[in-house]
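Novice: I would like to see how this sequence folds:
(one chain, ligands or ions: 1)
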Amino acid sequence: MLQLSTPSLRDAILRHLTYSFGKDPEHAILEDWRMALSYAVRDRIVDAWFKATEKTYETGAKRVYYLSMEFLIGRLLEDGIVNLELVEEAKAALSEFDKDYHEVLSDEPDAALGNGGLGRLAACFLESLSTVGCPAHGYGIRYEHGLFRQSFVDGRQVEQPETWLGQRHAWEFERPEVRYRIGFGGHVDMRGETVRWYPGEEVEAEAFDTPVVGFRGRWANTLRLWSGRAIHPFDLDAFNHGDYARAAAPEALARTISRVLYPDDTTEQGKELRLKQEYFLTAAALRDILRRFNNQFGDLRKLPDKVAIQLNDTHPAIAGPELVRILHDERGLPFEDAMEIARGTLSYTNHTLMPEALESWGEDLFGRLLPRHLQLVDQIDNAHATQNPSRTQSMRADHQVKMGQLSFVMAHHVNGVSALHTDLMKTTVFSELHRLHPDRIVNETNGVTPRRWLLACNPALAGLITDSIGDGWIDDLEQLQKLEPFIEDSGWIDRYWNVKKSNKIELSNWMGQTYGLHTDPEMLFDIQIKRMHEYKRQHLNIIEAIAHWQEIRENPDAGWTPRLKLFAGKAAPGYFFAKDIIRLINDAAVVINNDPVTNKYLKIAFLPNYNVSLAERLVPAADLSEQISTAGKEASGTGNMKFALNGAPTVGTLDGANVEIRDHVGPENFFLFGMTAEEVMERRTVENHARRAIDADPRLASALKLIREGRFSPSEPDRYAGVVDNLEGPDFFLVCSDFTDYWRAQREVDTAFADRTGWARMAALNTARSGWFSSDRTIRGYMADIWKAQSLLP
Ligand code: 7GP
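Specialist: Now for the predicted structure:
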């Protein structure tokens, strides 16, 4: 390979400012500096990227492909700087030009190409795949508009389109030469053995590549995102006739495919455009994978030895029938062989058991868009029924195509994302398939990348850790255990406490400047940040806060532990209940924050437009992590891991990965409350369970009464009647039934926090014992158990 010498970062910045952006330092705006620095960093990433690619070809190693409709990558500049260990050099270089490092970093748009946990997990996985040196590609869609921007008007959520591409973006390489035609609709031609699909409509998928560099720049993989284009972008004939709208129509239509990210996480909507997006991503990725495989290896029967394709939930599940179609219809392999090769190659991760999130498509829509695939689904289903005569469930029941069943049948492994979730998969949604294929389901508990979620976002804590135990923890997170002996040392605990305190002061200042919100860093920072959903129970949190407020009012001198409650999270635009909860929190905050009797002790804020960058500010400053879902509903959670790692103990239920976090950090360092998943199922069968819980707890009764009477919505007293009706009636997520125990746990938190040293120890133990929750560990698990892939690092 051609070798170029690496210029200093300072020279590289100046060079890019001059020759890539045509600016001199006097005239450069912030964005120019950000771009120049990004290009300087990117050049170094490219070096690592080429080396990794070369090595992958040389060794003929197996490659991993992660197919996902979402990659919630956030900002990438700091990631690159941190992973290349350029922080000091970048700061120094910028200060030579009189530029502030943090200001430059925060100029970068936050790429929100995902909704929540599933998308953020995909982003952590990409980084870990590079850090551990596993040859891999991520495949996704280059949405023009990521997740909407959220603001509040009178406390109500308002959505605006998000435009991450509105500013210049440094990280992608357009690959105009990598394009595939993706077809929809049309008809299927059957002549004896030969079957051919003739699509009625075609668009082109064009590749955009983003290199993803691992820690210390030892490896870099590719995130390849597809963008929709018209095959004949412009209708000249229409233009010449003066019909400019019709002239541009083909392009507009094709672009629609990659225009917006669907803003729903846990509800499946069954929209035609969504199915088109799913096929668009999957078909383009498979074409690309097979082209690369053909060039390198040729013999399709070797596909499972050289290629592992992971389906991130069922969204790319059409990969099963599509791969069979290519191998059988296009490459002429017998159907059975095509099936075997496809199943040897594909594996599937389930991210939720919520019935409303399990994708299923009406056969009319499916057959209209993908006529050949519908036939193949039937053939796959029949073959499965023949091989498993005791089977009772079909993936083709009720004129639907059930994507979960299809994914399960087409995968060699199916995994859950926490121990509890994996067990529940076996006993609930996939119980029959599990009985038929008892070795297929495996667990891979989620993790988070410690580079972004500790080293980059919490430099003060990272510094203390490295000072104490060296820097081996950064890519071997279990080394954090070495901190335990220090926790006995009161001098060290003081330092740990000061780190947390400085992070809280920084957040306080930032909230003051940004939102005009005045907070006292001495308060307990209690944080719940995640998508808005009834199962995540932000309403349990706010109702407890209201009850707490009442109690303080009645007895202001009882020595309350001052607490700041922070919320952030977006609600799906059509999820009206969740939007009501946002408004209730905002309304309650106005009343409670303005109560002079209590506001020394309790303050509430809902920060708008939650995204990755905001999480990076909040996590390091948290004292308490709220993980309070109805047990059995949160598949894993990953925010819970970020908080524990950064020294915020959890108040939480035995749900998802909370269970494993509690096992690791120790039950005495975790505030447990609430029913277990089993108790939840039982309680639902009890008649009037909500009413009984309310009658038994006057605090809960009076909080609900205040909400119902319009105490927080005086201009519209019945604003929350629907919310309260729901809680007093069906209360499917058991807010009322878990309230009393949640209140108890929160009062235990108050008492524990009053003992500063005790609390600091507990926080430090959370950090020291969270090493297992690194996504490096998770990725190694997938490599060993599912992909049979090797690291190519020495
Ligand atoms: C989420 C789960 O809700 C969360 O518990 C888990 O940690 C995360 O995936 C990563 O595994 N699910 C989604 O974000 C989602 O969109 C619908 O699920 C398929």
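
Novice: Quick one: residues contacting whichever residue of the chain sits closest to the ligand.
Specialist: The ligand sits closest to Gly117 of the chain, with a gap of 2.8 Å, by CB to the nearest ligand atom. Heads up, the C-betas are built off the backbone N, CA and C, glycines and all. If you count contacts by CB atoms under 8 Å, 6 or more residues apart in numbering, Gly117 has them with Asp265, His351, Lys530, Arg531, Ala635, Ser636, Gly637, Thr638, Gly639.

Novice: Look up phi and psi at the residue nearest to the fourth one when sequence neighbours are not counted.
Specialist: Excluding the flanking residues, the one nearest Arg531 by CB to CB, 6 or more residues apart in numbering is Gly116, at 4.4 Å. Comment: the main-chain dihedrals of Gly116 come out as phi -170, psi -130, following degrees, to the nearest 10.

Novice: what's the burial count for Gly116?
Specialist: 23 (other CB atoms under 10 Å).

Novice: My read is that Lys642 contacts Val619, right?
Specialist: Yes. Counting by CB atoms under 8 Å, Lys642 touches Val619, with 4.9 Å between them.

Novice: Kindly point out which residues are neighbours of both of those two.
Specialist: Joint contacts of Lys642 and Val619 (CB under 8 Å, 6+ apart) are Trp453.

Novice: Looking at these two, which one has more neighbours?
Specialist: Lys642 (30 against 25).

Novice: Over to the more buried one. Which of the three states is it?
Specialist: Assigned by DSSP: H, G, I helix; E, B strand; the rest coil, the conformation of Lys642 is helix.

Novice: Could you pull up the contacting residues of it?
Specialist: Val448, Trp453, Ala615, Val619 are the contacts of Lys642 under CB under 8 Å, 6+ apart.

Novice: Output these in CSV, with distance to Pro573 appended to each entry.
Specialist: Converted to CSV, those look like this (distance: CB to CB, whole Å):
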residue, distance to Pro573
Val448, 28
Trp453, 28
Ala615, 21
Val619, 26
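
Novice: Pull up the per-residue confidence for the closest residue to Glu144 other than its chain neighbours.
Specialist: Closest residue to Glu144 apart from its sequence neighbours, by CB to CB, 6+ apart: Arg259 at 5.3 Å. pLDDT, the model's per-residue confidence, is 96 for Arg259.

Novice: ok, now which ones touch Arg259?
Specialist: Tyr143, Glu144, His145, Gly228.

Novice: residues contacting the first one?
Specialist: Spelled out, that is Tyr143. Per CB under 8 Å, 6+ apart, neighbours of Tyr143: Leu113, Ser258, Arg259, Val260, Leu261.

Novice: cool, the third one as well?
Specialist: Under the criterion of CB under 8 Å, 6+ apart, the neighbours of His145 are Pro161, Glu162, Thr163, Trp164, Arg259, Val260, Leu261.

Novice: try 10 Å
Specialist: 112-113, 160-166, 258-261, 263 (CB atoms under 10 Å, 6 or more residues apart in numbering).

Novice: what pairs with it across the strands?
Specialist: Val260 (DSSP bridges).

Novice: Do you know the pLDDT at it?
Specialist: pLDDT, read off for His145, is 96.

Novice: Could you do the last one as well?
Specialist: Gly228 carries a pLDDT score of 97 in this model.

Novice: doesn't it fall inside a strand?
Specialist: Yes. Assigned with three-state DSSP, Gly228 falls within a strand.

Novice: Count the neighbours of it for me.
Specialist: For Gly228, using other CB under 10 Å, the count is 24.

Novice: If you count neighbours, what's buried in stretch 582-598?
Specialist: Ile582, Arg583, Leu584, Ile585, Asn586, Asp587, Ala588, Ala589, Val591, Ile592, Thr598 (16 or more other CB atoms under 10 Å).

Novice: Tell me the span between the first and last residue of stretch 768-784.
Specialist: 26 Å (CA to CA, to the nearest Å).

Novice: And for stretch 377-396?
Specialist: Terminal residues of stretch 377-396 lie 8 Å apart, using CA to CA.

Novice: do stretch 300-313 as well
Specialist: 26 Å.

Novice: where's it relative to the chain centroid, distance-wise?
Specialist: 24 Å (CA atoms, centre = their mean, to the nearest Å).

Novice: Scan this protein for its longest helix.
Specialist: Longest helix of the chain, by residue count under DSSP state H: helix 30-59.

Novice: quick one: which two of the contacts of Arg259 are the most distant?
Specialist: His145 and Gly228 (13.1 Å; CB to CB).

Novice: Could you name every residue contacting both of these two?
Specialist: Ser258, Arg259.

Novice: Any chance of the backbone angles for the residue nearest to Glu144?
Specialist: phi -70, psi -50.

Novice: sorry, back to before: ranking by neighbours, what's the top pick from the contacts of Lys642?
Specialist: Val448 (29 neighbours).

Novice: got any ranges where the stretch 201-350 of the chain has weak pLDDT?
Specialist: Filtered on pLDDT under 70, the stretch 201-350 of the chain yields no residues whatsoever.

Novice: how about the helices of it, start to end?
Specialist: Along the stretch 201-350 of the chain, the segments classed as helices by DSSP state H, counting those that start in this stretch run 236-240, 244-256, 272-296, 303-306, 319-325, 335-345.

Novice: can you check the stretch 551-700 of the chain too?
Specialist: Residue ranges of the helices in the stretch 551-700 of the chain, as given by DSSP H, counting those that start in this stretch, are 576-593, 612-618, 639-645, 658-665, 677-684, 689-696, 698-709.

Novice: Point out the most buried one among the ones you listed.
Specialist: Greatest average neighbour count among the helices of the stretch 551-700 of the chain goes to helix 639-645 (a mean of 28), per mean count of other CB atoms under 10 Å.

Novice: which stretches of this structure have low pLDDT?
Specialist: Ranges of the chain meeting pLDDT under 70: 1-4.

Novice: how does it divide into domains?
Specialist: Structurally, the chain divides into domains by automatic domain parsing as follows: 60-75+110-446+779-787, 525-773.

Novice: so which of these gets nearest Cys457?
Specialist: Cys457 lies closest to domain 525-773 among the domains of the chain, at 4.1 Å (CB to CB).

Novice: Okay, now that closest one: how far is its last residue from its first?
Specialist: Note: domain 525-773 ends 23 Å apart using CA to CA.

Novice: Give me the buried stretch members for stretch 452-468, please.
Specialist: 452-458, 460-462, 464-465, 468.

Novice: Distance from the chain centre to that stretch, please.
Specialist: 22 Å.

Novice: Any part of that stretch near the ligand?
Specialist: No. With CB under 6 Å from any ligand atom as the criterion, the ligand is not reached by stretch 452-468; the gap is at least 13.8 Å.

Novice: Stretch 635-653 now?
Specialist: Yes. Using CB under 6 Å from any ligand atom, stretch 635-653 reaches the ligand at Ala635, Ser636, Gly637, Thr638.

Novice: Spell out which parts of the stretch 401-550 of the chain neighbour the ligand.
Specialist: Residues of the stretch 401-550 of the chain lying near the ligand (CB under 6 Å from any ligand atom): Val417, Asn446.

Novice: In the stretch 401-550 of the chain, what residue spans correspond to strands?
Specialist: All strands of the stretch 401-550 of the chain, identified by DSSP state E, counting those that start in this stretch, fall at 413-416, 441-443, 524-529.
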